[in-house]
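Visitor: Predicted structure and sequence below. I'll ask about it afterward.
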Amino acid sequence: MLYLKNDYSLGAHPKIMEALEKTNMVHADGYGIDKFCDGAAETIKQKIGREDADVHFLMAGTQTNMTAIAAFLRPHQAVIAPETGHICVHETGAIEATGHKIIHVPTDDGKIYPEQIDEVMVFHEDEHYVQPKLLYISDSTETGNIYTGAELKALKNTCKKHDLYTYIDGARLAMALTAEGNDLTLKDLPSFADAFYIGGTKNGILMGEALIILNESFKEDFRFLLKQRGGMLAKGRLLGVQFEALMKDDLYFEMGAHANKMALLLAEGIKKAGYDFAQKPVTNLIFPIFPNELVAELEKKVMFEGWRKYKNGTSSIRLVTSWGTTENEIKEFLNMI
C-alpha cells in the first residue's frame, strides 16, 4: 500500500534516532530542565535572533495550541481563526473545552486577511459578546498555502490596531519556509507574532513541538499552566535531544525542502496527466481533482484522505509527502493515473 495520507506516518529521521541512542544512557534532570532542552532552546533562540524568547517543548500540536491559547487568554476572550484552521476542525473542540470560543472566518485558501478581522471586530462591539483577543493562523496553512512577509505585516498591523495578539501554528513551518515563493526566514517571525511554534512531529522527529513565547505578558507562570494541562513531561529531555538534532546543520530545513520537492514532483506529473487542482500546489499538501471512478481505484492501492466532492462526478483528494517520501513512490503513484 502506497502511503500519501500524512507527513507523520514514519518514525523519525536516522539522525534523530542516532541522537536519542547516543544520549540514552546519559542521566538528565526531568520536566524540561536539563542540558538537552537548554541546548535546544539556545539553538532556537539563535536561529530566530531573539535571546529574550522563552522556549518550551511539548508533545504535539493540539496540546501546544490548547495549552498556549488557554494560557494567553482571559475567560471572556476568544480566538479569531480561518475556518480551515486546525483548531477549528481537527482538535476535538480542545480550545472550546478550555472555555474559549473560536470565531470562524470563511476562507478559500486557508488564509485570513485584514478586512476579515475588521469585520469581526465591528460585530463584537461590547460586553454582550465574547471579546476577540487572539488571531490564530497557520503557516503553511491546512490547504498547503503560505503567507508572504507583506501579508503577515498587514495582519500584525491590523491586530495592533484592534489590540489583538497574534499566534502562529507552525506544525508545517519547515515546509512554508522552504517553499518556492517564500520570502520569510525564522528570524522574521518574531516581528509578526506574540508566540509561535516550530513543528517537529510533521517534520521528521518522533514527536514534539517547540513553543516560542515572545510577549512578556505570556511568560509569567507558563510552566505552571504547562504542568496543569499535562504538557510537562518527566522525560522532557527526549524532546530536547530531538530538537537539538533537528536544528543542527539545518536538518529541519532539509527535511521540509525534501517534502516540498516530492510534492511538486507529484503535482507536475498529475498536471501532465491532464488533471487540475483544488488549490495551487505550493508545499507538501496537494489537492488534485480526479474522476470519482479513479478515486475509487486509487483507494485500493493508496492511503490518502478525501477532500471535496463535486456535482460533476469528480472529487478532490489530499496527498501529503514527507521527509521520507521517495521519487520511486512518486513514480508509483503517477503510473496509477
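Guide: Here it is on my side, so go on. Small disclaimer: the values here were computed from a predicted structure and weren't measured.
Visitor: Next one: the residue most central in space within the chain relative to residue 60, how far apart?
Guide: In the chain, the residue lying closest to the centroid (CA atoms, centre = their mean) is residue 171, at 2.0 Å. Distance, residue 171 to residue 60, using CB to CB, to the nearest Å: 9 Å. (Each C-beta comes from the backbone N, C-alpha and C, glycine too.)
Visitor: Over to residue 80?
Guide: 23 Å.
Visitor: quick one: which of the two has more around it?
Guide: For residue 80 and residue 60, the more surrounded residue by other CB atoms under 10 Å is residue 80, and the numbers stand at 24 against 17.
Visitor: Next one: that one from residue 66, what distance?
Guide: Using CB to CB, residue 80 is found at 17 Å from residue 66.
Visitor: where exactly do the strands run in the stretch 201-337 of the chain?
Guide: Ranges of strands within the stretch 201-337 of the chain are 209-213, 276-277, 285-286, 288-291, 302-303, 305-309, 314-320, based on DSSP state E, counting those that start in this stretch.
Visitor: got the ones you listed as JSON lines, with distance to residue 150 and mean neighbour count columns?
Guide: As requested, those are exported to JSON lines (distance: least, CB to CB, whole Å; neighbours: other CB atoms under 10 Å):
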{"stretch": "strand 209-213", "distance to residue 150": "22", "mean neighbour count": "26"}
{"stretch": "strand 276-277", "distance to residue 150": "24", "mean neighbour count": "14"}
{"stretch": "strand 285-286", "distance to residue 150": "23", "mean neighbour count": "26"}
{"stretch": "strand 288-291", "distance to residue 150": "29", "mean neighbour count": "19"}
{"stretch": "strand 302-303", "distance to residue 150": "37", "mean neighbour count": "17"}
{"stretch": "strand 305-309", "distance to residue 150": "28", "mean neighbour count": "13"}
{"stretch": "strand 314-320", "distance to residue 150": "28", "mean neighbour count": "21"}
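Visitor: Now that we have those, can you turn them into CSV and tack on distance to residue 111 and mean pLDDT?
Guide: Listed next are those as CSV, based on distance: least, CB to CB, whole Å; pLDDT from 0 to 100:
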stretch, distance to residue 111, mean pLDDT
strand 209-213, 21, 98
strand 276-277, 17, 98
strand 285-286, 14, 98
strand 288-291, 21, 98
strand 302-303, 28, 98
strand 305-309, 17, 96
strand 314-320, 17, 98
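Visitor: Ok, which of these comes nearest residue 192?
Guide: For residue 192, the closest of those is strand 209-213, at 12.2 Å, according to CB to CB.
Visitor: Partner strands of that closest one, with direction?
Guide: Its sheet considered, strand 209-213 pairs with strand 54-58 (antiparallel), strand 195-199 (antiparallel) by DSSP bridges.
Visitor: Mind putting those strands into TSV with distance to residue 324, mean neighbour count and mean pLDDT?
Guide: Shown next, in TSV, are those (distance: least, CB to CB, whole Å; neighbours: other CB atoms under 10 Å; pLDDT from 0 to 100):
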stretch	distance to residue 324	mean neighbour count	mean pLDDT
strand 54-58	23	25	98
strand 195-199	16	26	98
